[in-house]
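> just to be clear, the model below is a prediction. Sequence and coordinates:
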Amino acid sequence: MNAINIGTVMPKSQQAMSALSQEAEAAALAAGLDKRLVELVKIRASQINGCAYCLRLHTQETMQHGETIDRLSVLAGWWESQYFSQVEQQALSIAERVTLIAQPHLAHDADIDDAMTTEQVAAVTWVAVVINAWNRIAISSHYPVAP
């Protein structure tokens, strides 16, 4: 069976997913998290999942908000660099734990459990849950990714 674009076939589900995505991002911003950090969480999960469509989309989005090539270049090894603040490290750790939920031993711990408020932790968790769903939608639907 050929891949089908599940959002095209079931547009109401796609619309509900879009609404959830908007709500999760709005909650993250309302909790005081920076737009660039929200996008970094999306990029890190998409790196782990291998979602080229989401990688391109969210890399462009975060660069429009001032993210640098230097930081994006080391994002896949964030725990080995000094580029990320404690809040960013904790958020990236959460993104990995949510994305690697069946293999938590593969996630990198930031060891900074108090850098974020409870509301921020919840917001980042929701952003990670949503991007993981989008990754699965894009990959299973074979969203095109071309130059």
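Cool, the structure landed.
> okay, the closest residue to residue 126 other than its chain neighbours and residue 109: tell me how far apart.
Leaving aside its sequence neighbours, residue 126 sits nearest to residue 24 (Cβ to Cβ, 6 or more residues apart in numbering; 4.1 Å). Placement of C-beta: from N, CA and C, glycine included. Distance, residue 24 to residue 109, by Cβ to Cβ, to the nearest Å: 23 Å.
> the two - which one has more neighbours?
Neighbour count, other Cβ atoms under 10 Å: between residue 24 and residue 109, residue 24 has more, with 21 against 13.
> kindly provide the whole-number mean pLDDT of the helix or strand hosting residue 122.
Secondary structure from DSSP states H and E places residue 122 in helix 118-141. Averaged over helix 118-141, pLDDT sits at 97.
> got it, and stretch 45-56?
98.
> which other residues reach it?
42-43, 58, 75-76, 95-96, 98-100, 128, 131-132, 134-136, 138-139, 143-145 (Cβ atoms under 8 Å, 6 or more residues apart in numbering).
> filter these to the buried ones?
Among the contacts of stretch 45-56, those classed as buried by neighbour count (16 or more other Cβ atoms under 10 Å) are 42-43, 58, 75, 95-96, 98-100, 128, 131-132, 134-135, 138-139, 143.
> helices of the chain, start to end?
Per DSSP state H, the chain carries helices over the ranges 6-9, 11-30, 35-49, 52-64, 69-74, 86-99, 118-141.
> now those helices in JSON lines, with distance to residue 80?
What follows is these, written out as JSON lines (distance: least, Cβ to Cβ, whole Å):
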{"stretch": "helix 6-9", "distance to residue 80": "37"}
{"stretch": "helix 11-30", "distance to residue 80": "25"}
{"stretch": "helix 35-49", "distance to residue 80": "14"}
{"stretch": "helix 52-64", "distance to residue 80": "20"}
{"stretch": "helix 69-74", "distance to residue 80": "7"}
{"stretch": "helix 86-99", "distance to residue 80": "11"}
{"stretch": "helix 118-141", "distance to residue 80": "21"}
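> buried residues of stretch 98-111, list them for me.
So, applying 16+ other Cβ under 10 Å, buried residues of stretch 98-111: 98, 99, 100, 107, 110.
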